[in-house]
Each structure stands twice: as structure tokens, then as C-alpha cells.
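**Q** coords please:
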Amino acid sequence: MYHVGIVGHERAKFTPETEAKARALIRKLLVERPDNVLVSGGCHLGGVDIFAEDAAVEIGVPMEIHRPEHLSWRKEQPGGFWARNMKIAQASDIVHVIVVKQYPESFKGQRFPLCYHCKGERPPHVKSGGCWTGIKAQTLGKPAVWHIIE
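**A** As a prediction, this is how the structure comes out:
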């Protein structure tokens, strides 16, 4: 089995057009190999994690979903986002980070000029915790690929 990590933005950072592009990309990634297993994080805010789960169900790809036990980022609080994202990085053979280049006008959350996880080392895109997961996968010697949706 080949474990494909798919992570990225919450639903609010997508427009209908960028969501359609992300969903098409995810379907393409999941059918690239017949032995793929989706690894993702079941984000409570929707978005890439849920788009990936929808595609896996539609295509019939097995899933390994690492949902957080609580909504905290702190490393000192086991079971939160930090632990969930580490599990995704550890369980994946490759991590695909799917992010949008810019915020939609409708986005009401906190905005950053660039992704502070990537520190300008990748083409410009909106900040995502998925980037943290991709970078962690790379520190574990695994490939990570960024897909920036425009």
C-alpha cells in the first residue's frame, strides 16, 4: 500500500472555482496508483481534508484519517493538531499540500501576507497548517509536493 497524504486549506479559503480545481486534482492524485491509501486529517472546518475523503469514497480508495481529539495546536497537549499533523507526516509515503494562491474576498478569518511556514521558499500562497505537515514529512525524509491553486 502507498500512503498518500493530502492536506491543505479549510473550506473558507476556497471559492467555488478553486474548490472545483482542488477536487479535480485530488481525484487525479488518488487514482495515480492502484494501491493508494488516503492519509488526511478530517478537518472540522471542511476543505481539502474533506474534499479528499469525498473523493476516496467516490473512487473506492481506502482511508487512514487522523482526526484531532481536541482543537488545540500546542505540542504539550497530546491529541491536538500538532499530534494529528505529525501522524499524517509519519504515516504518509508522500504528502501533497493543496493551497490557494490568494484569499477569496469572502474570507473572514485572520489573513497573513504570505505563508509563514514556508517563509518564501515556495511560490506565494495563503498560510496553511498543511504546509507545516508537508515540511515535517520532508524532515522525515519523505517527499512533499505543493500544489498552488489559482
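**Q** pull the CA atoms of the helix or strand of the chain with the lowest mean pLDDT into PDB?
**A** Ranked by mean pLDDT, DSSP states H and E, the weakest helix or strand in the chain is helix 81-91, scoring a mean of 93. The C-alpha trace of helix 81-91 is given here as PDB (Å, rounded to 0.1, in the frame of the first residue of the first chain):
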ATOM      1  CA  PHE A  81      -3.500  19.500  15.800                       C
ATOM      2  CA  TRP A  82       0.300  19.200  16.400                       C
ATOM      3  CA  ALA A  83       0.000  15.400  17.100                       C
ATOM      4  CA  ARG A  84      -2.500  14.900  14.300                       C
ATOM      5  CA  ASN A  85      -0.300  16.600  11.700                       C
ATOM      6  CA  MET A  86       2.700  14.600  12.900                       C
ATOM      7  CA  LYS A  87       0.700  11.400  12.500                       C
ATOM      8  CA  ILE A  88      -0.100  12.400   8.900                       C
ATOM      9  CA  ALA A  89       3.600  13.100   8.100                       C
ATOM     10  CA  GLN A  90       4.700   9.900   9.700                       C
ATOM     11  CA  ALA A  91       2.000   7.700   8.100                       C
END
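**Q** which helices and strands does that helix pack with?
**A** strand 2-8, strand 36-40, helix 129-139 (3 or more C-beta pairs under 8 Å, 6 or more residues apart in numbering; DSSP states H and E). For every residue, glycine as well, the C-beta is placed using N, CA and C.
**Q** between that helix and strand 36-40, how big is the angle?
**A** For helix 81-91 against strand 36-40, the angle by axes from the mean of the first three to the mean of the last three C-alpha atoms, to 10 degrees is 160 degrees.
**Q** what's the angle between helix 81-91 and helix 129-139?
**A** Here helix 81-91 runs at an angle of 40 degrees relative to helix 129-139 (the same axes, to 10 degrees).
**Q** which residues of this structure fall in helices?
**A** 16-30, 48-59, 81-91, 129-139 (DSSP state H).
**Q** out of those helices, which one sits most buried?
**A** helix 129-139 (a mean of 22; mean count of other C-beta atoms under 10 Å).
**Q** residues in contact with that helix: which ones?
**A** Residues outside helix 129-139 that contact it (C-beta atoms under 8 Å, 6 or more residues apart in numbering) are 5, 7-9, 41, 48, 81, 85-86, 88-89, 92, 94-95, 97-99, 115, 117-118, 122, 143-146.
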